[in-house]
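Trainee: pasted the sequence and its predicted model underneath.
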Amino acid sequence: MLFKKPILSLIVAGFILYILHQPLSAQSSLDDNAVIKLVKAGLSEALIVSTISSQPGTYDTSTDGLIALKQAGVSDKVVGAIIAKSATPASVADSTPRGASTPLAFNFDDPTQVHAPGIYIFKEGR
């Protein structure tokens, strides 16, 4: 009987697809509120830290954001995982000025510095 009315069938199918899509899109990335929900749900600290490490997320690591996490009952270990996930590692690119191709302190003749992979020809006197 449901298929005798195509408009009603389309509405029901659309609603079902909408409901099925919600959990998938809700899990796409974590944020502070998601972490607080995990803590309030009683998940273990280790599981929350593992989830933070493995899932993409955007976190508020400002002073107010960290205070809000602590006031919500988030442990120091979980807050540390959030900070570690949010921190970007310092790289050689940070010391390179815009438009320059090598860092300021790079010396091509210094064998202790890391060079790009390739074949190098040694010339006397250079």
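Mentor: Cool, the structure landed. Numbering: from 1, shown residues only.
Trainee: so where is the protein shaky, pLDDT-wise?
Mentor: 1-5, 8, 10, 13-28, 88-108, 115, 120, 122, 125-126 (pLDDT under 70).
Trainee: repeat that with 50
Mentor: Within the chain, the stretches with pLDDT under 50 are 1-2, 24-26, 90-96, 102-103.
Trainee: can you pull out the strands in it?
Mentor: Using DSSP state E, the chain contains no strands.
Trainee: domains in it, by residue range?
Mentor: 1-28, 31-87 (automatic domain parsing).
Trainee: TSV for these, including mean neighbour count and distance to residue 111?
Mentor: Where C-beta positions appear, they are placed from N, C-alpha and C, glycine not excepted. TSV is the format used below for the domains of the chain (neighbours: other C-beta atoms under 10 Å; distance: least, C-beta to C-beta, whole Å):
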stretch	mean neighbour count	distance to residue 111
domain 1-28	9	46
domain 31-87	14	32
